[in-house]
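1. give me coordinates for this.
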Amino acid sequence: MDDDKLADRLRTVAGISVPGVAIVIVDADGVRARAAAGAADLGSGAPASTDMSCPWFSMTKVVTVTAAIRLAEAGLFDLDEPVLKHVPAVAHLTPAQDGARITPRHLMSHSAGIANPIPLYWIHRPDEPPPDLNDMVDRLLRKHRRLRFPPGTRSSYTNVGTLVLGAAMQRVAASRFAELIGNQVLEPLGMRRTGFGFSEGPHATGYHRRWDPLRLLLPRWVIGAPAGRWVSLQPFLLDGAPYGGLVGPLEDTARFLQMHLRDGELDGVRLLTPSATTAMREITKAGKRFDLGLGWFRPANARGTDPPFVEHLGGGAGFWNVMRIYPTRGIGVAVMGNATRYDHDAVAALALE
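-> Got it, this is the predicted structure:
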């Protein structure tokens, strides 16, 4: 499908459910097609594009796990050794004997049993410093002590578990988490506009449905000007970089997906071994909403889908994104849109047309 045809299909599928949406489709050789529809900002009329930066939210987790496995392959991080030695706050968990058994592999597959409180107020203004990651982990584990199940027995999605993983990673790498991700993933892949803050270049404004009562739960400073049936949101960043803090454009996301489709290598730079990228996509734990691999997951209601895929969603106030790999087709697709929710499945499926 060429770019013009993809743009027409995108307009038809997305409709008026999102102010602006963009899609990029890749294979191992590069970008197959890219398109955008609608507006990155309704006030100025700036068009949506694959160059507009959006918060990645939880799509960040796949980058976090990629970096963790890279540290492991370098001999710096044992994925099957208890994280308690790196993150003392794990001692707050109960039963204590179960908490002491939690490993990075449990955290990467969401099988540690750690709670998943709603991260509604885990945000800060772009000009404010984020909370210290170790302090945040300590505070959350003190408040949410009880494990939901013994580690490794099943899986249940948790943002807090990825924060614990990030705290362990920065301890073994002796580096702040943001710098670690830059050194291990972003810089080697040439993802120049992606990071844990807003870079230069076009950015999308987030929108939430104006009359949706959920907007009343957001901090007041986030609510911006109304725009028809939408209300705009002021720029914000997430607390806790490992679970969802990245911000960047689809053009960078395409490079990350291409690396995974090329079994860990891009432009002569190898980040992971082929066996590692394959292992990340292997679904090993079943859950109620998601079946989990290492970083990647598959919605439980997509079991048996043909062709099969793994993905990671990234959603929060004002934005909804997905990046997906169809391993048997050798295709990856990423979608970013500036509304809290829309039919991402219908958009991502355009990669198969």
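
2. do a quick rundown of the helices in the stretch 201-350 of the chain.
-> With DSSP state H, counting those that start in this stretch, the ranges of helices along the stretch 201-350 of the chain come out as 241-244, 250-261, 274-281, 344-348.

3. save those as TSV, and put in mean pLDDT and mean neighbour count too.
-> (C-beta placed from N, C-alpha, C; glycine too.) Formatted as TSV, these follow (pLDDT from 0 to 100; neighbours: other C-beta atoms under 10 Å):
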stretch	mean pLDDT	mean neighbour count
helix 241-244	98	27
helix 250-261	98	24
helix 274-281	98	16
helix 344-348	96	20
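
4. now those in a markdown table, with distance to residue 129?
-> A markdown table is the format used below for the helices of the stretch 201-350 of the chain (distance: least, C-beta to C-beta, whole Å):
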| stretch | distance to residue 129 |
| --- | --- |
| helix 241-244 | 12 |
| helix 250-261 | 24 |
| helix 274-281 | 32 |
| helix 344-348 | 32 |
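
5. out of these, which comes closest to residue 15?
-> For these, the distance to residue 15 is smallest for helix 344-348, at 9.5 Å, taking C-beta to C-beta.

6. send me that closest one as PDB with only the CA atoms.
-> C-alpha atoms of helix 344-348 as PDB (Å, rounded to 0.1, in the frame of the first residue of the first chain):
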ATOM      1  CA  HIS A 344      -6.400   1.400  17.600                       C
ATOM      2  CA  ASP A 345      -7.000  -2.200  16.400                       C
ATOM      3  CA  ALA A 346      -8.800  -1.000  13.300                       C
ATOM      4  CA  VAL A 347      -5.900   1.400  12.500                       C
ATOM      5  CA  ALA A 348      -3.100  -1.100  13.300                       C
END
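
7. quick one: contacts of that helix?
-> 10, 13-14, 21, 23, 311, 313, 320-322, 324, 333, 335, 337 (C-beta atoms under 8 Å, 6 or more residues apart in numbering).

8. what about these, which are in strands?
-> Using DSSP state E, the subset of these located in strands is 21, 23, 311, 313, 320, 321, 322, 324, 333, 335, 337.

9. in the chain, which helix or strand is least confident?
-> helix 3-14 (a mean of 92; mean pLDDT, DSSP states H and E).
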